[in-house]
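Asker: When you get a sec, could you give me coordinates for this:
(one chain, ligands or ions: 1)
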Amino acid sequence: MTPSSAPSARPTIVLAVSGSIAAYKAVEVARLLKKAGARVLPVMTRSAKEFLGPSTLSGICGEPVREDMWDPSYAGELHVELGRSADLVVIVPATADLLARLASGRADDLLTALALCARGPILAAPAMHPRMWTHPAVARNVATLRADGRVELIGPVEGEVASGERGPGRMAEPAEIAEAALARIGPRDLDGRRIVVTAGPTVEDLDPVRFLSNRSTGKMGFAIAERAAARGAEVTLVAGPVSLETPPRVKRVDVRGALSMRSALWEALGEKLDLADALIMTAAVADYRPAEESATKLKRSAEATALALVPNPDLLAEVGAARAGSRPVLVGFAVETADEAGVVAYARGKLDKKRVDLVVANHAKDSFGREDNRATIVTRDRAEALGVLPKRELADRILDRVAEGLR
Ligand code: CTP
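Answerer: Residues are numbered from 1 along each chain as shown. Reported below is the predicted structural model:
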């Protein structure tokens, strides 16, 4: 099995081991993660192999141990594939040398290279002699990692270390590491649910070189697709033209104009709306398109001119109108420039007009292109102002509501 094999509903964890006596405890962490239902892909540094037999780890994980970036038996970029497919990377144990290499952004072996490629969180469990842990150089590396915010540490704890001495440097217990790892992957409450997400702008062509579009970057929709897949859903992401990487285990369909988004959407939902449990419509679908698309470049003239536009179909309202029961759960988005009360009032209007279950109302100036978003989730009976949240977190809050609606 390769890291890029077929989408799986199971969370994928890269368990990386570096060279310390505490390496033997990684086996127990692997066992606990497997027991909790995760797919565990083991990676070892060269020195880790001095402390732990790779066969033990591959036997427990049921996956080959990877160490070599240039493994000739693997046709692809192993560090990229592993970084992409991992919902989480757990490093057990993390040595002083490894922390230094992570802090300086080195990529001189598979583990450090994949840490730079990892899409999900990285959790590292340091283990070393107390004098090493308290050394200013190690403290500096730890401070750098904390400031960068990409590697989270668990432990070390105060206790007996390999030499028999006591102090801070003992690795956190395997059960504690496994629990922290599983908590970072989050709930699997969307297991087996089929969720369609639309994202990005639509681009309405005027001629071969010009188009009408909007400022949507697709980040919100991609964050929702990523989190939904991480929570176990089978996700189809219908994306307008954006420059974002496809989240792991997400099926992506690229479209351009509103009409092509409409076709892709109905294909994903099924004509009878029986192929999806929820539709989350973050795409900023253009309301109008040019009445005619010229096959050749339109030429400039000295005259004033006007552009004839025709309305696009309202894709979400079409689905709302076709839906007979409560499936799929329908989520609309609204970007407004009004104040909070106005935003909620507009959103309520959209609930009825489009016959959807909830509307996520955004404030235009706090949403486009940003990593965070100020949103209010509006249903018929409540409006929950969430304040400014990172888009991944907002994605989880929206999915909490979808999961509620699906129960
Ligand atoms: N939407 C859609 N098809 C369209 C326009 C919008 O499916 N042609 C969906 C969007 O994906 C989003 C929601 O409807 O979920 C936004 O609706 P709306 O606010 O009506 O779009 P605006 O054009 O911004 O609305 P208005 O002009 O009323 O402010």
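Asker: can you list the domains in this protein?
Answerer: Listed by automatic domain parsing, the domain ranges of the chain are 3-185, 194-294+306-406.
Asker: Relative to the ligand, which of these is closest?
Answerer: The ligand lies closest to domain 194-294+306-406 among the domains of the chain, at 3.4 Å (Cβ to the nearest ligand atom). In short, each C-beta sits where N, CA and C put it, glycine included.
Asker: Residue ranges in this protein under the pLDDT threshold?
Answerer: Within the chain, the stretches with pLDDT under 70 are 1-9, 367-369.
Asker: Skipping adjacent residues, who's closest to the residue most central in space within it in space?
Answerer: Geometric centre of the chain, nearest residue: residue 226, 3.3 Å, by Cα atoms, centre = their mean. Counting by Cβ to Cβ, 6 or more residues apart in numbering, residue 226 lies nearest to residue 247, which is 3.5 Å off, once chain neighbours are set aside.
Asker: Quick check, the one you found in contact with residue 221.
Answerer: No. Counting by Cβ atoms under 8 Å, residue 247 does not reach residue 221; the two are 10.2 Å apart.
Asker: what touches both of those two?
Answerer: Common neighbours of residue 247 and residue 221 (criterion: Cβ atoms under 8 Å, 6 or more residues apart in numbering): residue 237.
Asker: Of the two, which one has the most company?
Answerer: Neighbours were counted for residue 247 and for residue 221 using other Cβ atoms under 10 Å; residue 221 has more, 28 against 22.
Asker: In contact with the nearest residue to that one once chain neighbours are set aside, which residues are there?
Answerer: Leaving aside its chain neighbours, residue 221 sits nearest to residue 199 (2.3 Å; criterion: Cβ to Cβ, 6+ apart). By Cβ under 8 Å, 6+ apart, the residues touching residue 199 are 216, 218, 220-222, 224-225, 237-240, 242, 282-283.
Asker: at 6 Å what do you get?
Answerer: Contact partners of residue 199, counting by Cβ atoms under 6 Å, 6 or more residues apart in numbering, are 218, 221, 222, 239, 282, 283.
Asker: Quick one: name whatever helix or strand follows the helix or strand harbouring the second one.
Answerer: By that I understand residue 221. Following DSSP states H and E, one finds residue 221 within helix 219-230. Once the chain leaves helix 219-230, the next helix or strand it forms, by DSSP H and E, is strand 234-239.
Asker: mind checking how far whichever helix or strand comes after that following strand is from the chain centre?
Answerer: With elements assigned by DSSP H and E, the helix or strand that comes after strand 234-239 is strand 250-254. Centroid separation for strand 250-254 versus its chain: 14 Å, with Cα atoms, centre = their mean, to the nearest Å.
Asker: helices and strands around whichever helix or strand comes after strand 250-254, which ones?
Answerer: Counting by DSSP H and E, the element after strand 250-254 in chain order, helix or strand, is helix 258-269. Applying 3 or more Cβ pairs under 6 Å, 6 or more residues apart in numbering; DSSP states H and E, one finds that helix 258-269 contacts strand 234-239.
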